[in-house]
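Any chance you could fold what I've pasted below:
(chains A and B)
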Amino acid sequence: LAKTTQPISMDSYEGQEVNITCSHNNIATNDYITWYQQFPSQGPRFIIQGYKTKVTNEVASLFIPADRKSSTLSLPRVSLSDTAVYYCLVGLNTGTASKLTFGTGTRLQVTL
Amino acid sequence: DVKVTQSSRYLVKRTGEKVFLECVQDMDHENMFWYRQDPGLGLRLIYFSYDVKMKEKGDIPEGYSVSREKKERFSLILESASTNQTSMYLCASSPGKEKEKLFFGSGTQLSVL
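Numbers count the residues shown, from 1 in each chain, chains lettered A, B, ... in the order given. A predicted model of the protein is given here:
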């Protein structure tokens, strides 16, 4: 069964750069890679999206290698408020419609 | 702002009951999704819909059905609720050309006793 995997948890100090990698071997050819942030008792919230190479916005960067079988979310200079669970979302080939599948999620804990 | 509204924040039902979870979005999005979220298992796709009256099975459709009679509304139905369907249910919608850009509701915590 094709799936999307991430590290279960990561710890960081405030002010550091954090990189979270997602592995998605069976990504659908035409689908984007999207990352979400989730706080307790809330639905996930969109952070960044890309197709290949590098994308940067005001909160994060996304690095995607040429084969698109993985992606790395980079959070520059994290703060305590970045403590959350981070998910990647990709469309996986199913033989019919591509199925939007979330990764297993990475719990980021930021401390002083 | 896009708003995705789920009808109940908390719901308690008994085993064997038929349960309806309603979701409404106000941004004319083509795509709608139902996920369930359980500790340690992340978000798992139950069903999705790319158009009115259209539905596709996700990864865990067993025990569930869906209905999309109008573009803005996507209903999840538990035909005969069981205790293993106790979970947080999240509805999401996304625009047609950016289907991966999901907007989520606040979720419904369903407890089946």
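
roughly how far apart are the residue most central in space within chain B and A:Gln38?
With distances taken as Cα atoms, centre = their mean, B:Trp34 lies nearest the centre of chain B, 2.9 Å away. Here B:Trp34 is placed at a distance of 17 Å from A:Gln38 (Cβ to Cβ, to the nearest Å). From N, CA and C alone the C-beta is placed, and that goes for glycine too.

B:Ala92 now?
Using Cβ to Cβ, B:Ala92 is found at 12 Å from A:Gln38.

More neighbours: those two, which one.
B:Ala92 (26 against 21; other Cβ atoms under 10 Å in any protein chain shown).

Skip ahead from the helix or strand containing that one and say which helix or strand is next.
Per DSSP states H and E, B:Ala92 falls inside strand B:87-94. Going down the chain from strand B:87-94, the next helix or strand is strand B:103-104, by DSSP H and E.

Could you give the number of residues near A:Asn25?
A:Asn25, neighbours per other Cβ under 10 Å, totals 14.

how about it, secondary structure?
coil (DSSP: H, G, I helix; E, B strand; the rest coil).

Chain neighbours aside, what residue packs nearest to it?
Among residues not flanking A:Asn25 along the chain, A:Lys69 sits closest, at 5.1 Å (Cβ to Cβ, 6 or more residues apart in numbering or on different chains).

how near is the one you found to chain B?
The gap separating A:Lys69 from chain B is 17 Å, by Cβ to the nearest Cβ, to the nearest Å.

show me what contacts the nearest residue to B:Ser87 once chain neighbours are set aside?
The shortest distance from B:Ser87 to any residue other than its chain neighbours is 4.5 Å, reached at B:Arg36 (Cβ to Cβ, 6+ apart). Going by Cβ atoms under 8 Å, 6 or more residues apart in numbering or on different chains, B:Arg36 touches B:43-44, B:46, B:60, B:87-90.

again with A:His24
A:His24 sits next to A:4, A:33, A:68-71, A:88, A:90, A:92, A:103 when contact means Cβ under 8 Å, 6+ apart.

Let me see the contact set for the closest residue to chain A within chain B.
For chain B, the residue closest to chain A is B:Phe104, as judged by Cβ to the nearest Cβ, at 2.8 Å. With contact set as Cβ under 8 Å, 6+ apart, B:Phe104 has these partners: A:43-45, B:4, B:90-92.

May I have the predicted confidence score for residue 96?
I went with chain A, as the question did not name one. If you check A:Thr96, the pLDDT there is 57.

Switch to chain B, please.
84.

returning to that earlier point: hmm, the residue nearest to A:Asn25 is touching A:Ile27, no?
Yes: A:Lys69 is in contact with A:Ile27 according to Cβ atoms under 8 Å; the separation is 6.8 Å.

if you count what's nearby, which of those two comes out ahead?
Comparing A:Lys69 with A:Ile27 by other Cβ under 10 Å, the one with more neighbours is A:Ile27, at 24 against 13.
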